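Asker: coords please:
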Amino acid sequence: MAEPPVSIRHHEIQRLLLYKELIPRLEDALGKFSKGHSAEVIQPVRTTVHLKKHHGFLGVMPSYMENDGILCAKLLCFYKREDGSTLPGSQATVVLLDPEYGNVKAVVDGQVITVMRTAAASAISAKLLMPPNAEVLAILGSGRQALGHYNVFTEIFSFKEVRVWSRTRDGAERFCRSVDGPVTICGSAEEAVKGADAIVTVTRSVEPVLFGHWVKPGAHVAAVGACRPDWRELDDLLMKDAVVYVDSREAAAAESGDIILSGTKVFAELGEVLNGTKPAHKEKTTVFKSLGLGIEDAVSAQLVFDKWKSSHQTTLDS
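Answerer: Numbers count the residues shown, from 1 in each chain. Predicted coordinates:
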């Protein structure tokens, strides 16, 4: 008889999930995903249900990694909020199942996992595509994803300056209070990105906030917001001048307004670069358009679950 599912809460995930352990697992998963359709990794494009009354969407993200024995589904609600809204922009729950018996093994709070796996994927893109000796990081946005990206980018890279821009001064100041290192608050997005070597866009915007004529040639952009086919963060000039990488071609063609509306061709998936089948053009301006994959949630949740079991077994044995 299957054991009842465990519930792993927000504070436990923060303790258990570390970027140094997560990033290698995500690189492995992205590489497997980009090897082509096989039984090893089954990852359909997310299904969405429009929550019209609440200006949001429910996204359902199943994934199955056969050789790793991971069966998972994430339920993600995300919203188009008005500026100044106190309501959350997203909420998420990740469910791990036993692939043989079909029972639920764990229900895992999805907020920390979503932030950390998204930021880690952006950091992987920067490892592959950011110009050497990058000195200036610019972050457009000041919410949870902005904080997650700050944490991982400053953990694994050495920037001399980090700049942040938010639509509200309060948001930028709140962001600065929540981080450990120095941050320069900029009065405009243009001021933040001028001369930056790496740019992260983590906004709720549905119209472009980053414009190509601001961006330093050879800079790397990790674009995280705008996950609907009619939403944008980046303008046409940037999309057409840059070499564009994605986590999933199929997802980008269905969900990314930045790619669909600009008519830009995708050059490669990150997994193809990791596998060595596509080059990393560090010498050119590059964009990584992140949409998020179910396998990223799956390996993150499995890592948390394994560490949770280990820590609880240690407690029982002591």
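
Asker: contacts, neighbours, all on C-alpha from now
Answerer: Fine.

Asker: what does the helix or strand hosting Leu147 rub up against?
Answerer: For Leu147, the element it lies in under DSSP states H and E is helix 144-156. Identification of contacts with helix 144-156 by Cα atoms under 8 Å, 6 or more residues apart in numbering yields 19, 115-116, 118-120, 122-123, 139-140, 175, 178-179, 200, 202.

Asker: go on, stretch 113-132?
Answerer: Residues from elsewhere that reach stretch 113-132, judged by Cα under 8 Å, 6+ apart: 13, 19, 22-23, 26-27, 92, 144-145, 148-149, 152-153, 197-198, 218-220, 222, 224, 270, 273, 280-283, 286, 288, 290, 292, 296-297, 300-301.

Asker: show me the residues you listed that map onto helices.
Answerer: Among the contacts of stretch 113-132, the members found in helices (DSSP state H) are 13, 19, 22-23, 26-27, 144-145, 148-149, 152-153, 270, 273, 296-297, 300-301.

Asker: buried ones only from these, please, as a ChimeraX command.
Answerer: Buried residues among the ones in helices among the contacts of stretch 113-132 (16 or more other Cα atoms under 10 Å), as a ChimeraX selection:
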select :13,19,22,23,26,27,144,145,148,149,152,153,270,273,296,297,300,301
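
Asker: now do the contacts for Phe211.
Answerer: Listed by Cα under 8 Å, 6+ apart, the contact partners of Phe211 are Leu234, Asp235, Leu237, Leu238.

Asker: from Gln111, how far out is the third one?
Answerer: It stands for Leu237. Applying Cα to Cα, to the nearest Å, the value for Leu237 to Gln111 is 33 Å.

Asker: now do Val49
Answerer: When Val49 is compared with Gln111 (using Cα to Cα), they lie 20 Å apart.

Asker: which of these two has more residues huddled nearby?
Answerer: Gln111 (19 against 11; other Cα atoms under 10 Å).

Asker: find the nearest non-adjacent residue to that one, please.
Answerer: Using Cα to Cα, 6 or more residues apart in numbering and skipping the chain neighbours, the partner closest in space to Gln111 is Ala92 (5.6 Å).

Asker: around the one you found, how many other residues sit close by?
Answerer: For Ala92, using other Cα under 10 Å, the count is 19.

Asker: ok, what's across the strand from it?
Answerer: Leu76 (DSSP bridges).

Asker: ok, it touching Val112?
Answerer: No - under the criterion of Cα atoms under 8 Å, Ala92 is not in contact with Val112, lying 9.1 Å apart.

Asker: pass me the low-pLDDT residue ranges in the stretch 101-250 of the chain, would you?
Answerer: Applying pLDDT under 70 to the stretch 101-250 of the chain flags no residue at all.
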